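# Build me a model:
(one chain, ligands or ions: 1)
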Amino acid sequence: THRFSVVQTAPPDSILGLTEAFNADPNPDKMNLSVGVYKDESGKTPVLKSVKEAEKRLIDSETSKGYLSIDGMVEYREDVRRMVFGDAIAGERVAVLQAPGGTGALRVAADFMRTQLPDLRIWIPTPTWANHPAIFSAAELPTSTYRYLGADRTSLDLPGMLEDLRENAATGDAVLLHGCCHNPTGIDPSEDDWKQIAKVIADKQLLPLIDFAYQGFGDGLEQDAVGLRTVLEQVDEAIVCTSFSKNFGLYSERVGAISLVAADAGECEAARSQLKRIVRTNYSNPPRHGGAIVATILADESLTALWKEELEAMRTRITALRESFVQTMESTGKGYDFSFLLRQKGMFSFSGLTPMQVDELKSRHSIYIVGSGRINVAGMSESRMQTLCDAVASVMS
Ligand code: PMP
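Okay, here's the model as predicted:
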């Protein structure tokens, strides 16, 4: 008998499954608005010019493939600290570890919370990125949900969120926040909302775990850190999980970081030592190449300027696509109002399309959208906007 005969097939990843169906679809006019990667007007996910140039320099200058230390490259860690916190927190209170992507950082964070902070429960928004509950479950970290999406499905339920954190969370629990560009809704708190959220977090002594996967895709690099820094004005402990997959376009290179903010330098060092232990028994040490690319870009003024330009171009393209979609839907003359998309941030939005409409878009128009109605705005293109909007209008009427 085969021992693996007892193994049951796991359910497929719903979003990646859609991409398989998309790839197999022979329709030349097909559109993929499901998967969460940035695409340019031609539908490609390009390597940034700044990244290519940094890679050339690295190939020439690299002298060793020896291991990095468990917590990664020093310059890279400093870069992350500056980008995320600015001058808000003294460096000695922040332990930054280079990690394999935002996902790797989240898993290290989850393992840390589970093993070092007994009886901790983490509150996650409904909805949230599907991998959040999956990672916490894999780490055996208990989760509860707080309200986030309003009943209209286009705005934040701030009163519900605050009430859940104030009334239902226990003092000292953890709370997962999306630093900006909430996935999957695109709905972010305003600056004033952040102040109210920060106050509840402080009052209830909650530990914020901030997932920061889209810095620079919302309102700009510095502006997107406002929420996180507002929270940090009120509390002296937090964990931030950074991903450079989107803002440097480094998806497959697996570049991210976990940053732990402690109340003082001593506690910071103890926490760092535990984080390193978790890394050592997981993936041992982070991959070099992606982190080296980021560090090379940020160490050079002109490469930094080029990268910022490229990031800004991605951000403004997404905003322009949002505007164009709203206008084109309006111009169908059937009274379709998608103006809520203009208030949302980042690559994703909830379109409000029902599962049935989503299904019809796929079967009749080869337009692929996640069942929840989440669309990747960056997957749209200016040249095919009319086609897209005609199809959406046809399934809505
Ligand atoms: N958090 C959120 C909310 C995300 O959408 C993603 C990417 N889809 C990540 C974290 C992690 O991305 P990665 O592991 O590719 O860096």
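# mind listing the strands for this protein?
Using DSSP state E, the strands assigned to the chain run over residues 31-32, 94-99, 122-126, 143-147, 174-178, 207-212, 238-243, 256-261, 348-350, 367-368, 374-376.
# if we compare the ones you listed, which one ends up closest to Phe136?
Comparing the strands of the chain by their distance to Phe136 (Cβ to Cβ), the top pick is strand 143-147, with 5.0 Å. Backbone N, C-alpha and C define where each C-beta goes, glycine included.
# Now do the buried residues in that closest one.
Using 16 or more other Cβ atoms under 10 Å as the test for burial, strand 143-147 gives Thr143, Tyr146, Arg147.
# Can you tell me which helices and strands it packs against?
Judged by 3 or more Cβ pairs under 8 Å, 6 or more residues apart in numbering; DSSP states H and E, strand 143-147 is in contact with strand 122-126, helix 131-138, helix 158-163.
# okay, the angle between the longest one and strand 174-178?
For helix 131-138 and strand 174-178, the angle between their directions (axes from the mean of the first three to the mean of the last three Cα atoms, to 10 degrees) works out to 150 degrees.
# For helix 131-138, what is the distance to the chain centroid?
How far helix 131-138 lies from its chain's middle: 14 Å, per Cα atoms, centre = their mean, to the nearest Å.
# who's in contact with that helix?
Residues outside helix 131-138 that contact it (Cβ atoms under 8 Å, 6 or more residues apart in numbering): Thr103, Leu106, Arg107, Ala110, Ile122, Ile124, Pro142, Thr143, Leu176, Asp211.
# Using CSV, list the CA coordinates for it.
Extracted C-alpha coordinates of helix 131-138, given in CSV (Å, rounded to 0.1, in the frame of the first residue of the first chain):
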residue,chain,number,x,y,z
ASN,A,131,-3.9,34.4,2.9
HIS,A,132,-4.1,36.3,6.2
PRO,A,133,-6.4,33.9,8.0
ALA,A,134,-4.6,31.0,6.2
ILE,A,135,-1.2,32.1,7.5
PHE,A,136,-2.5,32.7,11.0
SER,A,137,-4.2,29.3,11.0
ALA,A,138,-1.0,27.6,9.8
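# can you pull the buried residues of it?
So helix 131-138, judged by 16+ other Cβ under 10 Å, has buried residues Asn131, His132, Pro133, Ile135, Phe136.
# now the residues you listed as JSON lines including distance to the ligand and pLDDT?
Listed next are the buried residues of helix 131-138 as JSON lines, based on distance: Cβ to the nearest ligand atom, whole Å; pLDDT from 0 to 100:
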{"residue": "Asn131", "distance to the ligand": "7", "pLDDT": "95"}
{"residue": "His132", "distance to the ligand": "7", "pLDDT": "98"}
{"residue": "Pro133", "distance to the ligand": "12", "pLDDT": "97"}
{"residue": "Ile135", "distance to the ligand": "9", "pLDDT": "98"}
{"residue": "Phe136", "distance to the ligand": "13", "pLDDT": "98"}
